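Trainee: build the 3D model from these lines:
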Amino acid sequence: ENSSCRVPLFGSAAALTFRPRQSTFKDGLPTEFILIADGLDYDEDFGWICKKFFERRSDFESLVDIADLRKQVMVHCNALPPDPGHDAELTSAESISKPELRKRIEQLVDADALAELKGKGFVVIDNFMSTSASSISELSNTRTGTTGQDSCRTDTVAFLDKKEALNSEIGEQYDLLMALASHLNDNYVCDHSPFKPIWPGTVDRPLSNPKSIQIAEYGVNDFYAAHSDNSVTNASRDAGASGQDDVRSNYRAITCILYVNEGWEAKDGGALRIYLDSAEIKTPGDAKDCCEHVDVNPANGRLLIFDSKMVHSVEKVLNENKVRRALTLWIIRPEDSGVKGEDYFV
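Mentor: Numbers count the residues shown, from 1 in each chain. Okay, here's the model as predicted:
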């Protein structure tokens, strides 16, 4: 049967109809549905509605194919400006009343580490925070999904807010990662930008936090091809020698990855390969031919911090008996740079 409802938020004429698609029945039940919106003024209104449906996908994705809904949400999100995040001070060690986190960060992400980050574009910090075997086991129960980027990556991911991190027994790891942006605002001098900051970023404190961290899982033969977390947009590439400043794909400024792999060895594969002096390369694949690289073994408790513009890859996992897991926080620098949307997947 068809189901219809009004959507007062978009005006008295706005209505939604949800009906099964004919010829898609299996055992007497439909497997595909059509969502029809009438009376909307803008395409983005329909995208917003699709996104709300997608947020409740756990209620129905076992019954119907949501591939088309996923695509519509991706189109919608990619057309929006990136989220500027929240004020880094809200998740500082002081704000969450965890002085032990502040002490750990000050000791490990010290002046020498920040100088290395500034000079080389990355820094590796060991023994930042190890994750126990029981927490890794609990984390393995986190439901992850593919990114839809099968041509360049085969891992599965999920995004965790504070509550979800606590449920997965990585609340301390979440807090530690989220406290880094405030520490960097206090102690790290970001590169000059020609663009004006967008709140909560300011000239003096340009970095802010996203609302979640990512857990990524790689099984045997999984990989992520060479890429940049904040590459130059196609529009900037097309502009060529026009002299305008390059526009990046999103607001990501500094990538922070905490590894949670007990007993991981180099022979297991899965190293993060970071290409030196690659931040300004406009086509990430070119870095393999013109840049030297460093391989970072994803050992438990190891923190890798790097400039999000740098090209990097995750090499293929070789051990069929292990799953490579990493927690990633992208510290962002919201600014009026002309970004129209963000490379986004759901």
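Trainee: ok, so what distance separates residue 96 from residue 182?
Mentor: Here residue 96 is placed at a distance of 10 Å from residue 182 (CB to CB, to the nearest Å). All C-beta atoms are positioned from the backbone trio N, CA, C, and that covers glycine.
Trainee: ok, residue 192 next?
Mentor: From residue 192 to residue 182 the distance is 21 Å (CB to CB).
Trainee: which one's more surrounded, the two?
Mentor: residue 182 (25 against 5; other CB atoms under 10 Å).
Trainee: residue 101 is in contact with that one, correct?
Mentor: No. Taking CB atoms under 8 Å as the contact criterion, residue 182 and residue 101 are not neighbours in contact, 10.5 Å apart.
Trainee: identify the contacts common to these two.
Mentor: The overlap between the contact sets of residue 182 and residue 101 (CB atoms under 8 Å, 6 or more residues apart in numbering) consists of residue 93.
Trainee: pLDDT below threshold where in the stretch 151-300 of the chain?
Mentor: Within the stretch 151-300 of the chain, the ranges that satisfy pLDDT under 70 run 234-245.
Trainee: which residues in it form strands?
Mentor: Assigned by DSSP state E, counting those that start in this stretch, the stretch 151-300 of the chain shows strands spanning 156-160, 208-209, 213-218, 224-228, 252-259, 272-275, 293-296.
Trainee: how about those strands in JSON lines, adding mean neighbour count and distance to residue 323?
Mentor: Rendered in JSON lines, the data for those read as follows (neighbours: other CB atoms under 10 Å; distance: least, CB to CB, whole Å):
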{"stretch": "strand 156-160", "mean neighbour count": "17", "distance to residue 323": "10"}
{"stretch": "strand 208-209", "mean neighbour count": "27", "distance to residue 323": "27"}
{"stretch": "strand 213-218", "mean neighbour count": "21", "distance to residue 323": "6"}
{"stretch": "strand 224-228", "mean neighbour count": "20", "distance to residue 323": "15"}
{"stretch": "strand 252-259", "mean neighbour count": "24", "distance to residue 323": "12"}
{"stretch": "strand 272-275", "mean neighbour count": "22", "distance to residue 323": "16"}
{"stretch": "strand 293-296", "mean neighbour count": "16", "distance to residue 323": "18"}
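Trainee: possible to save those as a markdown table with distance to residue 315?
Mentor: A markdown table is the format used below for the strands of the stretch 151-300 of the chain (distance: least, CB to CB, whole Å):
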| stretch | distance to residue 315 |
| --- | --- |
| strand 156-160 | 17 |
| strand 208-209 | 29 |
| strand 213-218 | 10 |
| strand 224-228 | 9 |
| strand 252-259 | 14 |
| strand 272-275 | 6 |
| strand 293-296 | 7 |
